[in-house]
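Chemist: Show me how the following folds:
(2 chains)
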Amino acid sequence: MAGYILRRLLSAVPVLLGVSILVFAFIHFIPGDPAIAMLGERATPESVARVRTSLGLDKPIWEQYGIYMGKVLRGDLGTSILRRDNISQELLKRFPATVELALAALVLAILLGIPAGVFSAVKRNSWFDNGTMLLSLVGVSMPIFWLGLMMQSLFSVALGWFPTGARLTATLKFQSTTNFVGLDSLLQGNWVVFLDWLRHLTMPAIALSTIPLAIIARMTRSAMLDVLGQDYVRTAWAKGLRWSTVVLKHALRNALLPVVTVAGLQIGRLLAGAILTETIFSWPGIGRWVYESILARDYPIVQGVTLFIAALVVIVNLVVDISYAFLDPRIRLQ
Amino acid sequence: MTQTDNLLQVKDLKTYFFTEDGIVHAVDGVDFSVKRGEILGLVGESGCGKSVTSHSIMRLIGQPGKIIGGEIWFDGKDLVQLSERELRQIRGNRISMIFQQPTSCLNPVFQVKDQVLEVLQIHQQMDRQHGTARVHELLKMVGISDPERRAKAYPHELSGGMAQRVMIAMGLACTPELLIADEPTTALDVTIQAQILELMRNLYRNTNTAIILITHDLGVVADMCQRVAVMYAGKIVEQTDVRRLFREPKHPYTQGLIGAVPVLGVVKDRLEVIPGSVPNLIDLPRGCRFAPRCRARLERGLTICAEEEPALRPIGLDHAVRCWLYE
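Modeler: Below you'll find the model as predicted:
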């Protein structure tokens, strides 16, 4: 088991290295000179050259990459161009908001998607199955930004049930120690803030969860259909087990294997989707930050956050791989 | 023979599959009975409805199949009419079943001991500790050496023969009155086949469990069974005790089957075969289902065979046959 985890960990290293090279090269080849972006269009060539030297942009590209990676490994993602912020610190401050949103969406997708998929498979071709599959098709096809805007105009503007955006009502004063507002307010027993946070979280979480929810429901259904036809499920019936044991213990445990992979892959999608969702619902996470930085051509932020998200996706996939070994005994030996 | 000797009596069982191409008459009016403590062989070619018959007894027929008629009497109850709840108390407890592909019949994500233990927990309300001890006993009984260690294995770590032993242990855990063995050795190597059959014979001697042994192998039948029912295209065509079946087979199909078995030491230029192939179960011939392949019919010049279906009639003590030759 330990050997398996170690091998998976080692295999993540070249992936992360490749991602860092790609991100670095990509940003480098985008037209536009950061020095000019900092100094403005009318800067003199001398001052541009001076800034380029101070930024290290006059050095060969592989050396620039070396310097950048050296800093990244020490946890320094550099400073932003416009506001001269420390990107690493700023990232840590904003990331918890994104985690809150992505986790809420993932939990929604799993809690609704797996039961919907199981029930669809068991009641194949029933009205429930057909309805669920149709809804999930709609869910996969609907763009998040459109859904977000529709939800805002219906539930916020017309009905007034939920706020249109932000993480907390502006008048509410709350000092968060970990930047996880939900967790902090809960630990402090501050119900007013917690409920306000929940009300703000609801709509963006639902909007963000639609695609993963639809994919998990479909995946669970097809995996269950496959498993329910297996010989060992027939054995389970022949043993005299009740319906719930056959379906939820013997079948679902096997059907979960592909679902876990898909759910893991959705985390990358959730982070990408968070850029749109956070922008529409003004949720103060890294998604909205990246969006604003792209518009402002603040490349160090874009580069740092992209690298961070890429590393995150690699780590999540690693965790999925390892959890696989716990779910499926056949993998441990290989 | 009185009714009470019969542990299981199947009457006019019909199980059809409703497919897009049409209705498959997989089991189409099957009658047979199993006496307490006997081994009944159910023989026939692939696709003749042997497995569907056995699955129907356990009501394990899934979509698009359905038992559409008949009765299956077991201990005074008609299994066809039982509720799911009542059926659960019989499955795995009083009737259990082992299958053709032992490795794929065990759940890949659970340890062997938990899969056997489950049966003891639901039917005998054993707790984990006593149950585990019993599992070790059972594994030992089916000839698994080092049962404490093997019990912790996952199915993929077992060979086919070993997996079938585990399935047998699982099937016998609650000492059922009837064990249905659906081609239990077909997927195994010849040497392992012999071992598994030997094991089944020993277990049979030590318990009072009756066995329905489904097979296409007449050698296995001669070796193991007391009585035999021969199936063809969804119907029983002949039923009798094993000696009489081999000594004086009556139905032309049975005669063909026995003639097709190569005999050691007898040199033949050609192996006897039954001409033609099994009829399409969607579009069955009108009269006797074997008529299109039947040589005896041509030799005797019988015309009724192609028009009307014969009934399964007794022609001697415990010998029934479905053929116009004996009407």
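Chemist: make it CA atoms for all contacts and neighbour counts henceforth
Modeler: Fine.
Chemist: element containing the most centrally placed residue in chain A?
Modeler: Nearest to the mean C-alpha position of chain A, by CA atoms, centre = their mean, lies A:Leu271 at 2.7 Å. Using DSSP states H and E, A:Leu271 maps to helix A:252-280.
Chemist: how far is that helix from where the chain is centred?
Modeler: 7 Å (CA atoms, centre = their mean, to the nearest Å).
Chemist: how far does whichever helix or strand comes after that helix sit from the chain's center?
Modeler: Next along the chain after helix A:252-280, taking DSSP H and E as the criterion, comes helix A:286-295. Relative to its chain's centre, helix A:286-295 lies at 15 Å (CA atoms, centre = their mean).
Chemist: Is any residue of the very next helix or strand once past helix A:286-295 near chain B?
Modeler: Downstream of helix A:286-295, the first helix or strand assigned by DSSP H and E is helix A:299-327. Yes: against chain B, helix A:299-327 shows contacts by CA under 8 Å from any CA of the partner chain at A:Leu327.
Chemist: Could I get the buried residue list for helix A:299-327?
Modeler: A:299-308, A:310-314, A:316-318, A:320-322, A:324-325, A:327 (16 or more other CA atoms under 10 Å in any protein chain shown).
Chemist: ok, back up a step: how about the contacts made by the residue nearest to the centre of chain A?
Modeler: By CA atoms under 8 Å, 6 or more residues apart in numbering or on different chains, the contact list for A:Leu271 reads A:Thr98, A:Ala102, A:Gly287, A:Ile309.
Chemist: now do A:Ile81
Modeler: So A:Ile81 contacts A:Pro34, A:Met38, A:Asp298, A:Tyr299, A:Pro300 (CA under 8 Å, 6+ apart).
Chemist: circling back to that earlier point, the helix holding A:Leu271 vs helix A:299-327, what angle?
Modeler: 170 degrees (axes from the mean of the first three to the mean of the last three CA atoms, to 10 degrees).
Chemist: Close to chain B: what parts of chain A are there?
Modeler: A:230-235, A:237-242, A:250, A:253-254, A:327-330.
Chemist: Now residue 279. Nearest residue, chain neighbours left out?
Modeler: No chain was given, so I picked chain A. A:Arg288 (4.9 Å; CA to CA, 6 or more residues apart in numbering or on different chains).
Chemist: that answer is for a different chain, and I need it for chain B
Modeler: B:Ala233 (6.9 Å).
Chemist: residue contacts, that neighbour?
Modeler: B:Ala233 neighbours (CA under 8 Å, 6+ apart): B:Ala26, B:Val27, B:Gly47, B:Cys48, B:Gly49, B:Val278, B:Pro279, B:Leu281, B:Arg289.
Chemist: Likewise for B:Ser56?
Modeler: Contacts of B:Ser56 by CA under 8 Å, 6+ apart are B:Thr15, B:Ile67.
Chemist: Give me the pLDDT for it.
Modeler: Listed pLDDT for B:Ser56 reads 95.
Chemist: quick one: contacts for A:Val319?
Modeler: Here A:Val319 is in contact with no residue (CA under 8 Å, 6+ apart).
Chemist: The longest helix along chain A - what's its average pLDDT?
Modeler: Secondary structure of chain A per DSSP state H: the longest helix is helix A:191-228. The average pLDDT within helix A:191-228 is 92.
Chemist: How about stretch B:8-17?
Modeler: Rounded mean pLDDT across stretch B:8-17 is 94.
Chemist: Contacts for it, please.
Modeler: B:23-35, B:52-53, B:56, B:63-75.
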